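# sharing a model that was predicted from the sequence below.
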Amino acid sequence: MLSALEALDRLRDGNRRFVANLSAAPTDSQARRNELVSGQEPFAIILGCSDSRVPAELVFDQGFGDLFVIRVAGNIVAPSQIGSIEFAAARFGTRLVVVLGHSQCGAIVATLEELLGKATTESKNLRSIVDRVRPALEDLLAGPHDAEDSERLIREAVLANVRASVQQLRHGSELLERLIETDGLLVVGAEYSLETGVVSFIDGVPRGSSALVS
Ligand SMILES: [Zn+2]
């Protein structure tokens, strides 16, 4: 299994190929699919948004068997997401978890609008998503911010939500916490830009396998 930093390198390289229109991951390889029937060893776990514009395998230029992907609106962390990540980390030995938010995220915009009194969420099912996003955005709105600059507020809200999900994964599971402390598991945040296709890792994520983990 790749280390977390090697896995980061592979994702960065794949996103560079994607942005340069040089995607190379095979999508129709029967040989590869046959190889995977007996087992999988995904090198990274991605918690991303359901948004149709952010397919994890494509934006990282990866193929069958490479990524263990959980997608849910707003890349929120609820028990079933934690359970899925625990499963992959424990069963396959995957050592990198990426929370992948994105610009213009509808779940974030909906939560912001509700907090600003511009809209309400009727469905209790949808509300269960908004309620998971809400605390990070409440903190953001409680701090210094420019309420007039809505684009900037949305950008900051997307990042605040990614950071909250990262923290919940780092500290919301005994199993993951132990793997982080003793077994090289890394949980990092990233943002995908709909505008450029670039994935930016946030908050001092190590440069790659040649760098030291700080
Ligand atoms: Zn989204």
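That came in fine, so what should we check first?
# rest of the way, CA atoms for contacts and neighbours
Fine.
# for residue 193, list the residues it contacts.
102, 103, 199 (Cα atoms under 8 Å, 6 or more residues apart in numbering).
# quick one, what contacts the residue in the chain that the ion sits nearest to?
Nearest residue of the chain to the ion, counting by Cα to the ion: residue 105, 3.6 Å away. The contact partners of residue 105, by Cα under 8 Å, 6+ apart, come to 51, 74, 158.
# on that earlier part again, what about the contacts of residue 193, which one has the most neighbours?
Neighbour count (other Cα atoms under 10 Å) singles out residue 102 as the most crowded of these, with 28 neighbours.
# torsion angles phi and psi at it?
phi -150, psi 160 (degrees, to the nearest 10).
# how close does it sit to residue 59?
12 Å (Cα to Cα, to the nearest Å).
# taking the contacts of residue 105 one by one, which sit in helices?
In helices, defined here by DSSP state H, the members of the contacts of residue 105 are residue 158.
# check the contacts of residue 105 against the ion, which are close?
Subset of the contacts of residue 105 in contact with the ion: 51, 74, counting by Cα under 5 Å from the ion.
# lowest confidence element among the helices and strands of this protein?
helix 30-36 (a mean of 92; mean pLDDT, DSSP states H and E).
# next helix or strand past that helix?
Next helix or strand after helix 30-36 toward the C-terminus (DSSP states H and E): strand 44-48.
# that next one close to the ion?
No: Strand 44-48 is not in contact with the ion by Cα under 5 Å from the ion; minimum separation 8.0 Å.
# confirm for me that residue 2 is in contact with residue 41.
No: taking Cα atoms under 8 Å as the definition, residue 2 is not a contact partner of residue 41, at 9.6 Å.
# now do the shared contacts for these two.
With Cα under 8 Å, 6+ apart as the test, residue 2 and residue 41 both reach residue 94.
# up against the ion, what does this protein have?
49, 51, 74, 105.
# got a list of what residue 23 touches?
14, 17, 61.
# ranking by neighbours, what's the top pick from those residues?
residue 61 (24 neighbours).
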